[in-house]
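Chemist: Below are the sequence and a predicted model for it; my questions follow.
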Amino acid sequence: MSRKTAQVIVAATVLAVVAFFVGRALIADSPDTDQQLQVRADQTYDSSGIDESVKPTYSKLWQGVNDSLGDRTGIDVRYDAKSKIATIIHDGSSISSEAEVVRQAWTILALWGQEAVKLSEVEHVHVQNQISAPDVDGNEVLATGVIIEMTKDQFLKFDWEKLKNQNIEATLTSASTIYIVVPELASKIAPSDLYLVLEYP
């Protein structure tokens, strides 16, 4: 899958996310379209079904979770070898504040991203923070609330420590290949409630 194709797939995902909040059910898809990104809070690492050639990369990405976040609960990682995208998906359905969903996505990007970009096989970092939302039948399902994707080159330009406690939304928007906060969240967030936190959770 080419980089251009991957971007088209992700763009389609973003459109699906927006459509969910106007009444259509959504199950979020990753840039690696072979697997769905439904993350349970009790999810654990399962290497079955992963191609042997990329298992070492998966192991490194999971080690990055350990080193940067210290907790794998509610987290899944994916790696697309063709497009060199490292993806982390977080189940943020227990978060009660819309602003916290966004802040936590920033935190994961900054902390885990610093580990992911150390890998030579990673050229793009992709973060999704998922939220709980009702489907058309009123059942609570996981849906993507925040999507951020950034190239390694752009990521390495950031001095994250200097940005601590600042609202970096405008900076992230301009530096990211993809920066989406779904309207259901964005409409309820005051700019003063957004700032970078470098501690997880």
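Modeler: Arrived safely.
Chemist: Which residues does stretch 96-108 contact?
Modeler: Residues from elsewhere that reach stretch 96-108 (C-beta atoms under 8 Å, 6 or more residues apart in numbering): 69, 88, 90, 92, 95, 127-129, 131, 145-146, 148, 168-169, 172, 181, 185, 188-190, 193-201. C-betas here are computed from N, CA, C, even on glycine.
Chemist: Narrow these to those that are buried.
Modeler: Neighbour counting over the contacts of stretch 96-108 (16 or more other C-beta atoms under 10 Å) leaves 69, 88, 90, 92, 95, 127-129, 131, 145-146, 148, 168-169, 172, 181, 185, 189, 194-196, 200-201 as the buried ones.
Chemist: Which positions within stretch 106-119 qualify as buried?
Modeler: Buried residues in stretch 106-119 (16+ other C-beta under 10 Å): 106-117, 119.
Chemist: quick one: average confidence on that stretch?
Modeler: Summarised as a single mean, pLDDT over stretch 106-119 is 99.
Chemist: Could you give the separation of that stretch from the chain centroid?
Modeler: With C-alpha atoms, centre = their mean, to the nearest Å as the basis, stretch 106-119 stands 11 Å off its chain's centre.
Chemist: which stretches of this protein aren't confidently modelled?
Modeler: Judged by pLDDT under 70, the chain has its weakly predicted residues at 1-48.
Chemist: And the strands in it, which stretches?
Modeler: 75-80, 85-91, 124-134, 140-151, 178-181 (DSSP state E).
Chemist: Report the inter-axis angle for the fourth one versus strand 124-134.
Modeler: Going back to what we said before, that points to strand 140-151. Interaxial angle of strand 140-151 relative to strand 124-134 (axes from the mean of the first three to the mean of the last three C-alpha atoms, to 10 degrees): 160 degrees.
Chemist: quick one: buried residues of strand 140-151?
Modeler: Neighbour-count burial for strand 140-151, counted by 16+ other C-beta under 10 Å, picks out Val141, Leu142, Ala143, Thr144, Gly145, Val146, Ile147, Ile148, Glu149, Met150, Thr151.
Chemist: List the contacts of the last one.
Modeler: When you say that, I think you mean Thr151. Contacts of Thr151 by C-beta under 8 Å, 6+ apart are Glu123, His124, Thr177.
Chemist: how about the helices in the protein?
Modeler: Taking DSSP state H as the criterion, the chain carries its helices at 3-20, 55-68, 98-116, 152-155, 169-175, 183-186.
Chemist: just so I know, which of those helices lies nearest Glu161?
Modeler: Proximity to Glu161 (C-beta to C-beta) singles out helix 98-116 among those, at 9.1 Å.
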